[in-house]
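A.B. asks: My questions concern the predicted model and sequence given below.
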Amino acid sequence: MDIFSLPKDLGIRTKIILSVVVLLLFVAILFFWASYMHEKKGLLANMQDSAIALNRVLTITITNQKNIAEKVNLQTLVEELSLTEGLFGVWVIDKNCRITSATFREQVGEIASRRLVSEAMEKGYYVSGFDIEMGENVYEGVYPLKKKNQIFALVRVAFELNEYFRIPPAARVKLLEQMKANSRIMAESLSYTIKNMYDVNELIHLQMLVDRLIQGSNSISWIMIVDDDSRIIACSDLGKVGMIANDKGIREIINGANIYTRIFPRQKIYMVDMPLKFGDELKGVVSIGCDATKYYTHLSEILHFILLISFMGIVLGFVLSFHLANPIIMPIKRLIEATKKLSEGNLSQRATVISKDEIGTLAKAFNQMAEDLSITNKKIDEYRKTLEEKVRLRTKQLEISNQELREMQNELIQADIAKSEFLSIASHELRTPLTTLLGYSELLLTRTLTESQKTEFLGFINEESIRLSNIVEDILDISRIESQEGIRFDKKSLNLDELLVKIVRFYSEANTDYRFITDIKQDLPMVNADCEKIEQSIKNLLDNAIKYSTGGDIKCKAFEKDNMVWISIQDYGMGIPEKDLPFIFDKFYRVNQKNRSHIGGTGLGLFILKFIIESHGGEIDLKSKEGKGTTISFGLPIFQQNKV
Ligand code: ADP
């Protein structure tokens, strides 16, 4: 992951604020870090300068001593003497009772507060005796060294008393004498060596100098002077005098470095190691520890200052970036609002273009997009409307076509049914009169008959011939109705009441079982009609009235109503069931009832009647009740010319 990239789910405002804050913080920290480092370097340089100055002072002081190596020779000598068998230890003590060199190196610099040392100092000559102070079981001798009758040093030599206590008391005196003599010899021989040194007190002066420097300086907390063999010859920590210094700095300087510095943060000391040179000759190393407390205090003050400035940078960054972010954020917010409204379907929504920057360009592009979208949407709407209209029209057409197809199919089915019915009815209806005709004509031909019989038979033959002719006429009418040309009517002015009277008269004579009652209004107007077809229609009604009633009255009326001349035939026969009434004028429709199954017929009569009447612009009326009788009437429009 890129550590410099901001998290993706942050808002632009937060990103800007963060960027500005981080930038300001970075600049502030960079600036103050540079100052901090500069300051640090300056402080260190200051400390180093004071260390160098001190080193110079020390070098000048020590150069005034004749030979710094001498004091080391003395310690070496003491250590070598200490190897003598039976010897417990050797000490060289200055006139101030400070131990200058000792078998036990840690005692160097200490004050020798031994009784015999004080005694020798007081008396000014060699003193010896047992010393069992501080648990040391020794016999010692202290020899004062004098120059111009002045004590300048003391040599203390101590022998172990182990041997002394082991031997018998008689021999002890001798051993003691021997030890006394040895001690004196050793002290004296050592004193010769020391006397040859320029001034053993100088050593002590160096240590004193170090002590005073430490006491008098606030800025120096550590001084250590080491000879060229790494032995500590003076140190602010007195316990270290005489030890071998093994610090890295000391080694570096002895190996030729000019300066070596390091800082001890815990002790707050800045350590500067420098060579102690007499001319070009390395005599030792001076190690100076500067007190770095002020340095650390100062640094922490700077750090606090940096923290304060950084904090102020953050606050400033927030305020600045907030003001900087607003002009960027607000147009974006407005754009987001506009986008939302657009996505909710408000295509008239536009973004306000204020700036000419990238966001302004974005707003412009958005507006262009919204405009395009709006135009496209309008086009789609129009197209949809046209499409809907087209679909609606097409559906309607299809529905019509379907309806037509259905009707056609029904018609075809009906036609098929009608054809079958017609075939069965026609064959039956034609066969009946034909059989009768054949029967009687056979009788006439084969039998010897009386005249009256012949007349009767010929009457039957005539009757059936008429019936046959009627059936054939009906079938012909049907085929004409259904053909393109239809029935041709020869319309003339016609007096319906006269026609009715004529037909009824004929029927009354032929059907004596029935009483034909006529009710004919006087002066009925003329109609314009085909006389033959209207006669056929009236006969059809009378035939039915006779067929579907068993004797009785048949009322025949002629009257005027609603600008029409009406003919009405009423019988009191079996009537028509209510359920059959709506279909009674349909082609081939016959009432399917047991009690009329023996009655012949084709179901064409009423269909043809209706066709004829309607073709004359007339109307038909039917009233019937099952078991009570039937009245069928038709009216023809009054012939207007006639009326005038
Ligand atoms: P058809 O008489 O040849 O069967 P129509 O078309 O003349 O055919 O008559 C259709 C049907 O109407 C008849 O089958 C008959 O059942 C019924 N019908 C017609 N006239 C009468 C009537 N006056 N009384 C009872 N039923 C009638």
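C.D. replies: Yes, it's here.
A.B. asks: Let me know the pLDDT of Tyr572.
C.D. replies: Among the per-residue scores, Tyr572 holds a pLDDT of 96.
A.B. asks: Quick check: the gap between it and Gly601.
C.D. replies: 19 Å (Cβ to Cβ, to the nearest Å). (Glycine included, C-beta is placed from N, CA and C.)
A.B. asks: Please apply the same query to Ala45.
C.D. replies: In this structure, Ala45 and Gly601 are 146 Å apart, going by Cβ to Cβ.
A.B. asks: who has more neighbours, these two?
C.D. replies: More crowded of Ala45 and Gly601, by other Cβ atoms under 10 Å: Gly601, with 19 against 10.
A.B. asks: okay but the more buried one is in contact with Arg590, surely?
C.D. replies: Yes - under the criterion of Cβ atoms under 8 Å, Gly601 makes contact with Arg590 at 6.0 Å.
A.B. asks: State the distance from Ile263 to Gly289.
C.D. replies: Computed with Cβ to Cβ, the distance linking Ile263 and Gly289 is 10 Å.
A.B. asks: Those two: who's more crowded?
C.D. replies: Per other Cβ under 10 Å, whichever of Ile263 and Gly289 has more neighbours is Gly289, with 24 against 16.
A.B. asks: Quick one: classify that one as helix, strand or coil.
C.D. replies: Recorded secondary structure, Gly289: strand (DSSP: H, G, I helix; E, B strand; the rest coil).
A.B. asks: now it: how far from Gln48?
C.D. replies: For Gly289, the distance to Gln48 (Cβ to Cβ) stands at 12 Å.
A.B. asks: for Leu213, same thing?
C.D. replies: To Gln48, Leu213 is 17 Å away according to Cβ to Cβ.
A.B. asks: now swap in Lys628 and tell me
C.D. replies: Lys628 sits 150 Å away from Gln48, going by Cβ to Cβ.
A.B. asks: give me the number of residues near the closest residue to Gly486 other than its chain neighbours?
C.D. replies: Once flanking residues are discounted, Gly486 sits nearest to Arg480: 6.3 Å by Cβ to Cβ, 6 or more residues apart in numbering. By other Cβ under 10 Å, 15 other residues sit near Arg480.
A.B. asks: For the remainder of this discussion, apply numbering that starts at 38.
C.D. replies: Understood, numbering begins at 38; the last thing we discussed is Arg517.
A.B. asks: Point me to the helix or strand that includes Arg517.
C.D. replies: helix 488-519 (DSSP states H and E).
A.B. asks: buried sites along that helix?
C.D. replies: Residues of helix 488-519 classed as buried: Phe494, Ile498, Glu501, Arg504, Leu505, Asn507, Ile508, Asp511, Ile512, Asp514, Ile515, Ile518 (neighbour count, 16 or more other Cβ atoms under 10 Å).
A.B. asks: for stretch 196-214, same thing?
C.D. replies: For stretch 196-214, a neighbour-count test (16+ other Cβ under 10 Å) marks Phe196, Glu197, Leu198, Tyr201, Leu212, Leu213 as buried.
A.B. asks: I'd like to know how far the second one sits from Leu513.
C.D. replies: Right, the one you point to is Glu197. 179 Å.
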